[in-house]
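A.B. asks: What follows is a predicted structure for the sequence shown.
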Amino acid sequence: MLFPDYRPRRMRQNSAFRRMVRETRIDVNDMIMPLFAVDGKNVKNPIPSMPGQFQLSSDQLVKIAEEVFELGIPAIILFGLPKSKDPLGTQAYAKNGVVQRTIKEVKNKIPELAVITDVCLCAYTDHGHCGIVEGRQIDNDATLDLLARTAVSHAKAGADMVAPSDMMDGRVTEIRGALDEENLSHIPIMSYAAKYCSAFYGPFREAADSAPQFGDRRTYQMDPANALEAIRETAMDVEEGADVIMVKPALPYLDIICRIKEEFDLPVAAYNVSGEYAMIKAAEQLGWMDGQRVMMETLTSIKRAGADMILTYFAIEAARSLRDA
Ligand code: PBG
């Protein structure tokens, strides 16, 4: 394969050739759209750091879910903003919590759209941590039961899959056991297996009102410098019964996605998080980059790295752009 015998440019000379040799294609089936559920009626609060994203009351959320479904995107993932917070995050597993009610409405109107739920406590606790706080520590084992209750309450409300994002040790075992006990053995677990302690979650914490009120998440989320640890973390979740394993964030961790894909034979999800979205939107608004092209290049890179599915705030926009291409 040496010049002048081999000329890589030969197969790049026109659009037809380029399409024929393209190795990675992103399509609607790869994407999952995150949505933020709030109480009330007719609420559509723009999230300033995430242009085009909103906090939505269930009537408005259903409208967007309908568009998601019509575009052919297979799933949404729901996050909730409860009406009240307390130390134990009781609204996370309340039978009539905002997520539980929203699931019912979406499944009622659009039964074929898969509804995934984020299982965590941080948006529901008054201290903003993902677990029970004892003094200044997060009590891992005491938290597991609350996470399991949250997952079960989501599944009972009609969720098709649960996605624990808390990063407590042992939560997949606990959630699997609790689901099975409640005759919910058919509900898969998408585990946020390698979730890093990332500043790229900044805009999300504004969107979900879930910032920790003291300290940070370094004692439970992973150190961004560690790759081997991501393999160990993921191996544990696989052993514990995860059906889908997730790497999060996506763009600064493409190497991790690639390694996890090589190491395990389960479907791999990657979360193209709020900060990744915000950077592109901001640069586009400043006229510094072509936002549409950067969006498609970003999603393609995540898939090329090995992701089978991408959780992304761009899902609707990318699906429209694929449809109109
Ligand atoms: C809850 C959770 C977070 C995200 C998803 N689930 C925030 C966090 O861990 O602080 C981040 C998603 C995003 O930034 O888009 N634990």
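C.D. replies: Sure, I can see it.
A.B. asks: so where do the helices sit in the stretch 101-250 of the chain?
C.D. replies: 140-157, 171-181, 202-207, 228-240 (DSSP state H, counting those that start in this stretch).
A.B. asks: Can you name the residue of the stretch 101-250 of the chain nearest the ligand?
C.D. replies: Phe204 (3.1 Å; CB to the nearest ligand atom). Every C-beta, even on glycine, is put in place using the N, C-alpha and C of the backbone.
A.B. asks: what residues are up against that residue?
C.D. replies: Met50, Ser210, Val273, Ser274, Gly275 (CB atoms under 8 Å, 6 or more residues apart in numbering).
A.B. asks: let's see 10 Å
C.D. replies: 34, 36, 47, 49-50, 53, 79, 123, 210-211, 271, 273-275, 277-278, 313 (CB atoms under 10 Å, 6 or more residues apart in numbering).
A.B. asks: Which of these fall within helices?
C.D. replies: Among the contacts of Phe204, DSSP state H puts Ser274, Gly275, Tyr277, Ala278 in helices.
A.B. asks: Lys85 - nearest residue in space that isn't next to it in sequence?
C.D. replies: Once flanking residues are discounted, Lys85 sits nearest to Asp126: 4.3 Å by CB to CB, 6 or more residues apart in numbering.
A.B. asks: In stretch 181-192, which residues are buried?
C.D. replies: Residues of stretch 181-192 classed as buried: Leu184, Ile187, Pro188, Ile189, Met190, Ser191, Tyr192 (neighbour count, 16 or more other CB atoms under 10 Å).
A.B. asks: Now do that stretch: distance to the chain's middle.
C.D. replies: 17 Å (CA atoms, centre = their mean, to the nearest Å).
A.B. asks: So is that stretch next to the ligand?
C.D. replies: No. If you take CB under 6 Å from any ligand atom as the test, stretch 181-192 misses the ligand, and the best it gets is 7.0 Å.
A.B. asks: Give me the mean pLDDT for that stretch.
C.D. replies: The average pLDDT within stretch 181-192 is 98.
A.B. asks: How about stretch 71-90?
C.D. replies: Here stretch 71-90 scores 98 as its mean pLDDT.
A.B. asks: Please see if that stretch touches the ligand.
C.D. replies: No. Judged by CB under 6 Å from any ligand atom, stretch 71-90 makes no contact with the ligand; its nearest approach is 6.8 Å.
A.B. asks: Only the buried residues of that stretch, if you could.
C.D. replies: 71, 73-82, 85, 88-90.
A.B. asks: which residues does Arg19 contact?
C.D. replies: Contacts of Arg19 (CB under 10 Å, 6+ apart): Arg25.
A.B. asks: Nearest to the ligand among the buried residues of stretch 71-90?
C.D. replies: Relative to the ligand, the closest of the buried residues of stretch 71-90 is Phe79; by CB to the nearest ligand atom it sits at 6.8 Å.
A.B. asks: Kindly state the beta-bridge partners for that closest one.
C.D. replies: According to DSSP bridges, the residues that bridge with Phe79 are Phe36.
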